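[1] need a 3D model of the following:
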Amino acid sequence: MPRPLLRPTIVSALGGVFEFYDFVLFAVFAPQIGATFFPAEAGDTAQTLRAFAVFAVGYFARPFGGVLWAHVADRRGRAYVFSHTVLGMAATTLLIALLPGHATLGAAAPWLLVGLRLLQGMALGGEIPASLCWLVEHAGERRAALAAATLMAGVNSGMLLGQAIAALLTAALGEAAVTAWGWRLAFAFGSVVGAVAWFVRRHVGETAAFEALRARGGLERLPLRALLRQAPGQVARAAALCAVHAWVVAALYLALPSFLKAACGMDLPTAERLALVSASCGSLLYLLAGWLGDRSAPLAVARGALVALALLAMPGYALAPTAGWWPLVVLGAIGGVFIGAYLALLPRLFATPVRASGLALGYDGAFALVGGAGPVIMLGANELLGPAAVGGITAALAVAALLALRRPVAPAS
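    So this is what the prediction gives:
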């Protein structure tokens with residue numbers, strides 16, 4: 001990677017690590033958060049389920065935050081949003097760490113938690129589209145694939161960091177202490193590191209593409225309205241691509257332990273370790289696919305991965321109950337190749353005046369619908385129709401993305 005691009009890529013990736021770390025901590029510590037913020041008489045299972053419901057609120061808030069922040073990014077600049085969203089995430093994470101529980105605040109505690117989770121989701125909704133837009137405009141088409149893949153590898157690594165911190169706290173303090181107060185340390189750590197990320201990011205410069213647009217007076221007064229008038233088809237194409245990304249993360253990384261336990265009869269600790277392996281391999285394959293994309297063509301790499309996913313998803317899931325974990329880890333690896341390649345294509349779908357708005361609608365919308373509901377859909381389909389049905393959903397999403405890539409990737413006129 002050329003030296004001028006190295007610093008922007010590292011700044012983007014590190015910010016992604018800690019912002020997604022803050023976001024997924026809620027899922028990692030769901031049992032402890034449930035025990036803290038919901039009444040004890042509800043029981044452990046009900047407390048955990050309610051905590052997961054609050055976790056989902058953050059997913060569904062992402063497109064609203066994405067649209068709001070994207071308006072700012074298309075009007076004031078990508079760097080402005082790029083620096084402020086990480087501060088918003090750090091602030092809300094600290095407030096969650098300090099928020100008194102149900103024993104102190106009663107019924108107000110869970111409602112305040114929901115409010116903070118909404119703000120977290122809105123901050124993350126602005127973070128990734130603005131970061132991707134800023135980084136790809138810095139990199140240019142010839143270097144965009146590896147830069148974008150590095151950003152997403154950082155985001156994925158944030159999930160791994162959250163799981164690692166949870167394991168360390170449990171080993172050091174014990175389960176009882178982590179439930180009582182130790183989980184708050186993980187949130188406090190995230191807020192401190194997020195503040196450091198903001199300090200680094202606030203010095204970054206604007207992209208040349210946006211500065212040129214502003215200099216010639218080409219900014220849109222209402223970017224979202226212009227986007228929906230000029231390029232609704234491009235938004236649909238972006239959403240189809242991002243839906244595969246969201247499904248791979250939800251079904252083959254985050255919720256993989258639950259599926260392996262339900263469909264394969266695997267014990268949960270082993271399933272959790274395999275999910276970590278799958279997600280770790282995904283991060284490495286993001287980088288490999290980005291590197292290949294810069295040296296050949298990210299479109300060809302993305303199409304190849306989608307074809308493989310469409311062909312292998314149903315037999316892979318059908319084999320899982322007898323063959324065990326490896327078919328699903330292979331599918332997760334193929335999904336990682338797709339993610340590492342398609343990210344460089346995504347910003348090219350939109351013209352510079354509406355680029356951040358287009359990314360926000362496509363990316364955050366797909367993650368709200370497919371990412372938020374993905375685990376429930378996957379486990380429900382397996383329960384009703386069997387593992388092959390989950391493979392059918394995966395294949396259908398891959399085919400829809402292939403249709404979105406049937407034409408060259410270029411902004412709508």
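[2] pull the number of nearby residues for residue 179.
    Residue 179 is flanked by 18 other residues according to other C-beta atoms under 10 Å. Quick note: C-beta positions are derived from backbone N, CA and C, even for glycine.
[3] again with residue 205
    Here the number of neighbours of residue 205 (other C-beta under 10 Å) works out to 11.
[4] just checking, it touches residue 78?
    No. Residue 205 lies out of contact with residue 78 (C-beta atoms under 8 Å); the separation is 10.2 Å.
[5] contacting residues for the closest residue to residue 374 other than its chain neighbours?
    Leaving aside its sequence neighbours, residue 374 sits nearest to residue 250 (C-beta to C-beta, 6 or more residues apart in numbering; 3.0 Å). Neighbouring residues of residue 250 by C-beta atoms under 8 Å, 6 or more residues apart in numbering: 370, 371, 374, 375, 378.
[6] with residue 46 instead?
    Applying C-beta under 8 Å, 6+ apart, the residues near residue 46 are 34, 38.
[7] how far away is it from residue 180?
    Distance, residue 46 to residue 180, using C-beta to C-beta, to the nearest Å: 19 Å.
[8] what do you get for residue 188?
    Going from residue 188 to residue 180 by C-beta to C-beta gives 15 Å.
[9] buried residues in stretch 17-36?
    The neighbour-count check on stretch 17-36 (16 or more other C-beta atoms under 10 Å) flags 17-36 as buried.
[10] please read the previous query as pertaining to stretch 214-230.
    220, 223, 224, 226, 227, 230.
[11] do stretch 130-150 as well
    130-139, 143-150.
[12] kindly report the same for stretch 47-56.
    47, 48, 50, 51, 52, 54, 55, 56.
[13] got a list of what the residue nearest to residue 67 when sequence neighbours are not counted touches?
    Distances taken as C-beta to C-beta, 6+ apart place residue 360 nearest to residue 67, at 5.5 Å, with adjacent residues excluded. Residue 360 makes contacts with 63, 66, 67, 69, 70, 125, 126, 129, as judged by C-beta under 8 Å, 6+ apart.
[14] I'd like the distance between residue 102 and residue 110.
    7 Å.
[15] hey, what's in contact with both of the two?
    Applying C-beta under 8 Å, 6+ apart, one finds that residue 102 and residue 110 are jointly contacted by 37, 38.
[16] which stretches of the stretch 151-300 of the chain form helices?
    175-177, 183-201, 208-215, 223-230, 232-249, 256-264, 268-295, 298-323 (DSSP state H, counting those that start in this stretch).
[17] just checking, what packs against the shortest one?
    Using 3 or more C-beta pairs under 8 Å, 6 or more residues apart in numbering; DSSP states H and E as the contact criterion, no secondary-structure element is in contact with helix 175-177.
[18] outline the domain layout of this structure.
    Domain segmentation of the chain under automatic domain parsing yields 1-210, 222-406.
[19] would TSV of those with mean pLDDT and distance to residue 216 be doable?
    Formatted as TSV, the domains of the chain follow (pLDDT from 0 to 100; distance: least, C-beta to C-beta, whole Å):
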stretch	mean pLDDT	distance to residue 216
domain 1-210	83	11
domain 222-406	88	11
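[20] surely residue 287 touches residue 146?
    Yes. With contacts defined as C-beta under 8 Å, residue 287 counts as touching residue 146 at a distance of 7.0 Å.
[21] OK, contacts around the residue nearest to residue 147 when sequence neighbours are not counted?
    In space, and not counting its chain neighbours, residue 147 is closest to residue 139: 4.2 Å by C-beta to C-beta, 6+ apart. Contacts here follow C-beta under 8 Å, 6+ apart; on that basis residue 139 touches 5, 8, 9, 147, 148.
[22] okay, these in JSON lines with secondary structure and distance to residue 295 next?
    Output for those, formatted as JSON lines (DSSP: H, G, I helix; E, B strand; the rest coil; distance: C-beta to C-beta, whole Å):
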{"residue": "5", "secondary structure": "helix", "distance to residue 295": "15"}
{"residue": "8", "secondary structure": "helix", "distance to residue 295": "20"}
{"residue": "9", "secondary structure": "helix", "distance to residue 295": "17"}
{"residue": "147", "secondary structure": "helix", "distance to residue 295": "14"}
{"residue": "148", "secondary structure": "helix", "distance to residue 295": "15"}
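[23] and the residues you listed as a markdown table, adding distance to residue 387?
    As requested, the contacts of residue 139 are exported to a markdown table (distance: C-beta to C-beta, whole Å):
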| residue | distance to residue 387 |
| --- | --- |
| 5 | 42 |
| 8 | 42 |
| 9 | 38 |
| 147 | 37 |
| 148 | 32 |
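[24] buried stuff in stretch 63-80?
    For stretch 63-80, a neighbour-count test (16+ other C-beta under 10 Å) marks 63-75, 77-80 as buried.
[25] what comes into contact with it?
    Taking contacts as C-beta under 8 Å, 6+ apart, the residues outside stretch 63-80 that touch it are 81-82, 85, 121-127, 129-130, 133-134, 137, 204-207, 210, 214, 219-220, 222-224, 353-357, 359-361, 363-365, 368.
[26] so the helix or strand that contains residue 127 versus helix 268-295, what angle?
    Using DSSP states H and E, the element containing residue 127 is helix 108-139. Angle of helix 108-139 versus helix 268-295, following axes from the mean of the first three to the mean of the last three C-alpha atoms, to 10 degrees, is 30 degrees.
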